[in-house]
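S.K.: With the sequence up front, the predicted model follows.
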Amino acid sequence: MKARPFDVRFEIRLAPPAEGWTRAAYDDIYRGEGIRQLDSFYHWLLQLLDPRPGRRLLDVACGEGALPNLARERYQLEAYGSDLAAAGLRIARSGGSAGFVAGSGETLPFADRSFDYVTCIGSLEHFLDMEAGVRELARVLRPAGTVMILVPNTYSLTNNIYSALKFGRSAIDDQPLQRYLAHAEWVMLLEANGLEVVRTVKYERTPPDNLADLAWYLGHWRDLVRVVAAPLIPTNLATCFVFLCRHSPESHAAQ
């Protein structure tokens, strides 16, 4: 039997929608603890992307700019970042780079077909309009380019299922708007909005590749367990999915 299209998404809102509510919330976050992963995580993502030096990369919802700064330093990419939070961009620009611009992921301030690589890491699920966000990722991507998107799984064994077993509720990451979808649901959303998924990689935690990250793991035993257990967890029960995408055949034909 042919699968029928459907739309399932699990949504958590920590504040009522109002004009500018997400921008204000993220400014508050970046004035405080901020949002940043370990360096090993960004190294792992760029290894998956396997970029070629001299190419152009855009990190959408870049926050503090860790990924584009690393892409510029280690891979000699012409790397840019965009984010709606001014406080996050101030941190990103503090290293002296001018490649960071203010803008919503649903209306990117870049011309069509501007980038060889477009990344959106742990952010699409927080967009007010996820479909518009995916279409923008596709719009600014060059015809032979690659989009990398990391998003959370509704049925994560070590996140939502663990939280339900222990606390009787879903995992909440304290961002103003949060959504979860299962693997097939994310694929449908991406492929209905101009992209084609060519590879899926599961994500739990990345092994440390430097002493600072190793020291962090030694002080966070549950995350260390996730690193060790990651090979045993099925993709459909992973914490997150990394989707490597290209333009859909339909969008290629339209160009």
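M.R.: Perfect, thanks for sending it.
S.K.: In contact with the nearest residue to residue 157 once chain neighbours are set aside, which residues are there?
M.R.: Nearest non-adjacent residue to residue 157, counting by CB to CB, 6 or more residues apart in numbering: residue 237, 4.2 Å away. Where you see a C-beta, it was placed from the backbone N, CA and C, and this is true even at glycine. Residues in contact with residue 237 (CB atoms under 8 Å, 6 or more residues apart in numbering) are 153, 155, 156, 157, 161.
S.K.: Tell me how many other residues crowd the third one.
M.R.: Spelled out, it's residue 156. 25 (other CB atoms under 10 Å).
S.K.: So what does the residue nearest to residue 157 look like in phi/psi?
M.R.: Dihedral pair for residue 237: phi -110, psi 10, per degrees, to the nearest 10.
S.K.: Tell me the secondary structure of the closest residue to residue 199 other than its chain neighbours, please.
M.R.: In space, and not counting its chain neighbours, residue 199 is closest to residue 244: 4.2 Å by CB to CB, 6+ apart. Using DSSP: H, G, I helix; E, B strand; the rest coil, the structure places residue 244 in strand.
S.K.: any idea how far residue 244 is from residue 51?
M.R.: 12 Å (CB to CB, to the nearest Å).
S.K.: between these two, who's got more neighbours?
M.R.: residue 51 (22 against 17).
S.K.: Who does residue 117 form a beta bridge with?
M.R.: residue 57, residue 146 (DSSP bridges).
S.K.: quick one: least confident helix or strand in this protein?
M.R.: helix 249-254 (a mean of 66; mean pLDDT, DSSP states H and E).
S.K.: where along the chain do the strands fall?
M.R.: Ranges of strands within the chain are 10-13, 56-60, 78-83, 100-102, 115-121, 141-152, 177-180, 195-203, 240-247, based on DSSP state E.
S.K.: Kindly compare burial across these and name the winner.
M.R.: strand 56-60 (a mean of 26; mean count of other CB atoms under 10 Å).
S.K.: Residue 36 reaches residue 66, doesn't it?
M.R.: Yes: with contact defined as CB atoms under 8 Å, residue 36 reaches residue 66; the gap is 5.9 Å.
S.K.: Output the below-cut-off pLDDT ranges for the stretch 51-200 of the chain.
M.R.: Counting by pLDDT under 70, the ranges of the stretch 51-200 of the chain that qualify are 96, 98.
S.K.: what are the ranges of the helices in it?
M.R.: Counting by DSSP state H, counting those that start in this stretch, the stretch 51-200 of the chain has helices at residues 66-75, 86-93, 130-139, 162-167, 183-191.
S.K.: For residue 13, find the nearest of those.
M.R.: Closest approach to residue 13 among the helices of the stretch 51-200 of the chain (CB to CB): helix 130-139, 14.0 Å.
S.K.: now that closest one: how far from the chain's centre is it?
M.R.: Centre-to-centre, helix 130-139 and its host chain are 13 Å apart (CA atoms, centre = their mean, to the nearest Å).
S.K.: what's the answer for stretch 26-33, then?
M.R.: 18 Å.
S.K.: List of residues touching that stretch?
M.R.: Outside stretch 26-33, the residues within contact range by CB under 8 Å, 6+ apart are 35, 63-64, 83-88, 90-91, 174-176.
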